[in-house]
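Participant: The sequence and its predicted three-dimensional model are supplied below.
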Amino acid sequence: MRLAGIICLFTFLLFPFNLRANYGCNIGSYIYPNATGGLNPSGDPYYHNNSPITIRTWDGDTRCGIRNNKIYPRSSGDDNCQVVGGNWGVIYYFNPKDNNCVPLPLDDYAWVLILAVGGMGYFMLRKKLILNSTG
């Protein structure tokens, strides 16, 4: 029984599930994620005009935000919303974990990591061999 619990735990740790999606008002190249809780006279939800999330168009974009291929309209595209101040948009789903900056380019620095680890290993082995040969 305990083994089954451990296997289940490792399964959930190794295969994280991405079930949380938020929605916000998409206007141009921004998503406004903070709903006010109110509706305008047309029955469309209001969103605060603070803390917009930038929509990035490619992975190398230096702006923080969400890639444009990670957002989806909530329905057929006629789900309107309004940002306080008068701007109209469409409601889009997004995942908050996708809101990030440029990915860390580890591939560009792999040679530095290999050189550093190899150098440390060389000096550790050399020190150990010197200590063993004298003592």
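Facilitator: Yes, it's here.
Participant: can you pull the buried residues of stretch 69-84?
Facilitator: For stretch 69-84, burial by neighbour count (16 or more other CB atoms under 10 Å) applies to Ile71, Arg74, Asp79, Cys81, Gln82, Val83. Any C-beta I mention is one placed from the backbone N, CA and C, and that applies to glycine too.
Participant: and which of those residues is nearest Trp58?
Facilitator: Nearest to Trp58 out of those is Ile71 (CB to CB; 14.3 Å).
Participant: residues contacting Gln74?
Facilitator: Just so we're on the same page, residue 74 is Arg rather than Gln. Tyr23, Val90, Ile91, Tyr92, Tyr93 (CB atoms under 8 Å, 6 or more residues apart in numbering).
Participant: Narrow those to those in strands?
Facilitator: Per DSSP state E, strands hold the following members of the contacts of Arg74: Tyr23, Val90, Ile91, Tyr92, Tyr93.
Participant: From Tyr47, how far out is the residue nearest to Ile27 when sequence neighbours are not counted?
Facilitator: Using CB to CB, 6 or more residues apart in numbering and skipping residues adjacent in sequence, the residue nearest Ile27 is Gly89, 3.8 Å away. Computed as CB to CB, to the nearest Å, the Gly89 to Tyr47 distance reads 8 Å.
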